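S.K.: Generate coordinates for the sequence data below:
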Amino acid sequence: MDTNSPDVTTDAPAAEPAGQAPEEIRHLIQQWKRLDELLAGLKRDDWIAPTPLPGWTVRDVVAHVAGTEHMLAGETVPDIELPASAREYVLNPIAELNEKFVQEARPLAVEDAFEDFRDVVAERTEQLSEMSAADLEAETDSPVGRVPFRRFMGVRVFDCWIHEDDIRQAIGMQHHLGGDIGRFAVGEIVNALPRIVGKKAAAPDGSRVRFRVTGDAGTDLPLATDVVVDGRAALADVDDTAQPTVELVFDTPTFVRAATGRIVAEPGSGVEISGDEDLGRTILGSLAFTI
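M.R.: Sure thing, here's the model as predicted:
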């Protein structure tokens, strides 16, 4: 793909707010910049490339990201009827809300869709820059329950980060999941591992499940953590003196994409199992935790 001669250009995005904003806000604004740089380099045909998300092209992913920010900026959800074709992959109320923004944006020209993304990001950047410390700590509804607004924005970092990877995967571009934003965002996955192991995979009491993710620190997210089941499952530091019940060793894209439901990880294809293979396979089949 030639990214040096983009077909779509618009004005550059607004600068990030000054001051010492919380890391969630700083990472979110930086992730928007990363998305902007990626989109600015796309060829026109790249915008219609299918992504790993059922029914969505690259342009639809951009419309979804922009639509969520429109909603957070105070705009109402579009009052439109979804086409019958969308019912094949719209399986819950949150997906229905997301799809309405996507469907509303479908008639837009690519240039207008990109401009809409940039406009709403600029608006949201300004809004975030004006929020007080009390505003950021105020309780609000979010996909992870009722949490401080700042925590909700951490979820937005994760969402925009994984959607950058969706776009990269769609157009055959090298993943770029590492860096400071990636290390922050992958915390959402790591924090979900006890529920995946203990509740979804029903690992028996006394189990120790070791997760290792390999790769270069520049584009990847090397990490290692144990999940120990002792009455309930909990994260634990890797203890090399303790033999794990099962160990799962992933490359970064496989770990992230399986945990976010883009793929189902299979041993020998980006992940290896050692120890209790049956439990390992059950965990792999239970790994997806996003809605």
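S.K.: Can you pull out the low-pLDDT segments for the stretch 51-200 of the chain?
M.R.: Within the stretch 51-200 of the chain, no range satisfies pLDDT under 70.
S.K.: quick one: the strands in it?
M.R.: Counting by DSSP state E, counting those that start in this stretch, one finds strands in the stretch 51-200 of the chain at the ranges 139-142, 145-148.
S.K.: what lines up beside the first one in the sheet?
M.R.: By that I understand strand 139-142. With DSSP bridges as the test, strand 139-142 is paired with strand 145-148 (antiparallel).
S.K.: Can you tell me what sits against the partner strand?
M.R.: With CB atoms under 8 Å, 6 or more residues apart in numbering as the test, strand 145-148 has contacts from 136-140. Any C-beta I mention is one placed from the backbone N, CA and C, and that applies to glycine too.
S.K.: now the strands of the stretch 51-200 of the chain as a markdown table including mean neighbour count and distance to Leu279?
M.R.: Formatted as a markdown table, the strands of the stretch 51-200 of the chain follow (neighbours: other CB atoms under 10 Å; distance: least, CB to CB, whole Å):
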| stretch | mean neighbour count | distance to Leu279 |
| --- | --- | --- |
| strand 139-142 | 13 | 32 |
| strand 145-148 | 13 | 29 |
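S.K.: Just send those back as CSV, with distance to Pro50 too.
M.R.: CSV is the format used below for these (distance: least, CB to CB, whole Å):
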stretch, distance to Pro50
strand 139-142, 29
strand 145-148, 32
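S.K.: Now do the end-to-end distance for stretch 271-287.
M.R.: End-to-end distance of stretch 271-287 (CA to CA, to the nearest Å): 12 Å.
S.K.: Just the buried positions in it, please.
M.R.: 271, 273, 275-276, 279-284, 286-287 (16 or more other CB atoms under 10 Å).
S.K.: Then stretch 104-116?
M.R.: Residues 104-105, 110, 113-116 are the ones in stretch 104-116 that count as buried (16+ other CB under 10 Å).
S.K.: The buried residues of stretch 271-287 in strands, which ones?
M.R.: Among the buried residues of stretch 271-287, DSSP state E puts 271, 273, 275 in strands.
S.K.: was I right about the first one contacting Val264?
M.R.: No - when contacts are counted by CB atoms under 8 Å, Val271 is not listed as touching Val264 (10.5 Å).
S.K.: Spell out which residues are contacts of both of those two.
M.R.: Residues touching both Val271 and Val264 by CB under 8 Å, 6+ apart: 258, 284.
S.K.: before we move on, the earlier item: ok, which of the strands of the stretch 51-200 of the chain comes nearest Ala170?
M.R.: strand 139-142 (27.0 Å; CB to CB).
S.K.: Tell me how far Pro22 lies from Glu137.
M.R.: Distance, Pro22 to Glu137, using CB to CB, to the nearest Å: 9 Å.
S.K.: out of the ones in strands among the buried residues of stretch 271-287, who's nearest Ala234?
M.R.: Nearest to Ala234 among these, counting by CB to CB, is Gly275 at 19.1 Å.
S.K.: For that closest one, which non-adjacent residue is closest in space?
M.R.: Val246 (3.9 Å; CB to CB, 6 or more residues apart in numbering).
S.K.: Roughly how far does the one you found sit from Leu223?
M.R.: Applying CB to CB, the value for Val246 to Leu223 is 17 Å.
S.K.: Compare these two and say which one has the larger neighbour count.
M.R.: Counted by other CB atoms under 10 Å, Val246 and Leu223 do not tie: Val246 has more neighbours, with 23 against 19.
S.K.: Could you check how far stretch 67-79 is from the centre of its chain?
M.R.: 19 Å (CA atoms, centre = their mean, to the nearest Å).
S.K.: ok, residues contacting that stretch?
M.R.: With CB under 8 Å, 6+ apart as the test, stretch 67-79 has contacts from 97-98, 100-105, 120-121, 123-124, 127, 156, 159.
S.K.: For burial, what's the neighbour tally of the closest residue in space to Val121 that isn't next to it in sequence?
M.R.: Closest residue to Val121 apart from its sequence neighbours, by CB to CB, 6+ apart: Trp32 at 4.7 Å. Here the count is done by other CB under 10 Å, and Trp32 has 26 residues near it.
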